[in-house]
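Engineer: any chance you can model this:
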Amino acid sequence: MKSKKIMLLIAAMLCAGLLAGCASSESGTDSGSGAYKIGVLQYADHPSLDNCLEGFKQGLDSEGIEYELTAQSAKNDDATNTQIAQQFASRQLNLVCGIATPSAQACYNACYEAGIPVIFNAVSDPVAANLAVSDTEPMDGMTGVSDKLPVEEQLKLIREILPEAQKIGILYTTSEANSVSTIEEYKEKAGAYGFEIVERGITNAAEIPQAIDVLLPGVDCVTNMTDNTIVNNLPVLIEKAEAAGVPVFGSEEEQVAAGCVASAGIDYIELGRKAGVMAARILSGEDISGIPYETMTESKITINPDAAAAFNVELPQSVTDRAEVRTSQADES
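Structural biologist: Numbers count the residues shown, from 1 in each chain. Next comes the predicted model:
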């Protein structure tokens, strides 16, 4: 009888251990180790946002923060995006980071009442996205790093590479606040460089092929932004543009590696790193209300000679002398 009780006790202990193991698996990194618990919600899976996440971790590491990070992707789906943000809020994490505007918005909406500080990253226009009060004043409980595109530098680069071009086409998602505000900036500044902007808006990815077919015949080139839906479907744009002989310019180096001719864009690893350092300051006890959001202003020129050749574009020596070279992603791997 005694031995039977001992066996039952051992079985109960084993069962408890198995249940504890299941709970640990479901909760991701909430292991109770005392490290800061951080959630990162990335709106879509593409290289520039992946670089933001990598840079974010680098920034945390550089500050010596002990942390456990749960990173999840919304897969460019708004319902999933909201669900993950709400899950982060319910877990009472120490800090949450939203990469790209829709994820930053979802994280802030879910986490504000829970008192969880939120860092945004890769948000081109925080004010237009209602993620900042003004250019100098952040929202209560939120700060971050903006990836405002260097529109004027991009226009200068396109003019230098295509001296005869007149019309620049831009595809964008009408529901992305960043894209709408950046389009307006392009239209405002294009005339100074002898360009006219021809825009084509879409509401979902299924509309992209037809929108491209309508756009390409009326433009001399296309410039891409950091619009998540368009970036996720960049191969479709490049394939159709190559067939039509219309060069495509990217807005950052990973788009150039994916087949765009060139870009004057920012470094998304550095963008993420700045956000990681900012997060470390908050976790170390600094008041988030005293940390204004930052906007990256540094840009670099990146070129893809193979893509230029595919589009029959000759890259001037004045550009190649100061550019970083990226080849196709397949060649780099």
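Engineer: surely Thr178 and Thr226 touch.
Structural biologist: Just to correct that, residue 178 is Asn rather than Thr. Yes: using CB atoms under 8 Å, Asn178 is in contact with Thr226, at 6.9 Å. Bear in mind the C-beta positions are built from the backbone N, C-alpha and C, glycine included.
Engineer: identify the contacts common to the two.
Structural biologist: Residues touching both Asn178 and Thr226 by CB atoms under 8 Å, 6 or more residues apart in numbering: Ser124.
Engineer: and stretch 179-192, how far from the chain's centre?
Structural biologist: What separates the centre of stretch 179-192 from the centre of its chain is 20 Å, taken as CA atoms, centre = their mean, to the nearest Å.
Engineer: same thing with stretch 177-185?
Structural biologist: In terms of CA atoms, centre = their mean, the centre of stretch 177-185 is found 16 Å from the chain centre.
Engineer: what's the answer for stretch 263-280, then?
Structural biologist: With CA atoms, centre = their mean, you get 10 Å for stretch 263-280.
Engineer: state the mean pLDDT of it.
Structural biologist: Stretch 263-280 carries an average pLDDT of 96.
Engineer: and what of stretch 227-243?
Structural biologist: Over the span of stretch 227-243, the pLDDT mean works out to 95.
Engineer: what about it, start to end distance?
Structural biologist: One end of stretch 227-243 sits 23 Å from the other (CA to CA, to the nearest Å).
Engineer: confirm that Ser110 sits in a helix.
Structural biologist: That one is not Ser; residue 110 is Ala. Yes: under DSSP: H, G, I helix; E, B strand; the rest coil, Ala110 falls within a helix.
Engineer: what about the strands in the stretch 201-333 of the chain?
Structural biologist: 221-223, 248-249, 262-265, 294-295, 300-303, 324-325 (DSSP state E, counting those that start in this stretch).
Engineer: could you export these as CSV, including distance to Val198?
Structural biologist: Formatted as CSV, the strands of the stretch 201-333 of the chain follow (distance: least, CB to CB, whole Å):
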stretch, distance to Val198
strand 221-223, 9
strand 248-249, 14
strand 262-265, 19
strand 294-295, 28
strand 300-303, 24
strand 324-325, 29
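Engineer: low-confidence regions, this protein specifically.
Structural biologist: In the predicted model, the chain carries pLDDT under 70 at residues 1-33, 329-333.
Engineer: in it, which residue is most central in space?
Structural biologist: Centroid-nearest residue in the chain, with CA atoms, centre = their mean: Leu49, separated by 3.5 Å.
Engineer: how close does that residue get to Val231?
Structural biologist: Noted for Leu49: a distance of 8 Å to Val231, by CB to CB, to the nearest Å.
Engineer: and what of Phe120?
Structural biologist: As judged by CB to CB, Phe120 and Val231 stand 18 Å apart.
Engineer: between those two, who's got more neighbours?
Structural biologist: Comparing Phe120 with Val231 by other CB atoms under 10 Å, the one with more neighbours is Phe120, at 31 against 24.
Engineer: now the more buried one, what's its secondary structure?
Structural biologist: The assignment at Phe120 comes out as strand when based on three-state DSSP.
Engineer: surely it is in contact with Val96?
Structural biologist: No: contact criterion CB under 8 Å: Phe120 and Val96 do not qualify, at 9.9 Å.
Engineer: need the overlap of contacts for those two.
Structural biologist: Residues touching both Phe120 and Val96 by CB under 8 Å, 6+ apart: Cys107.
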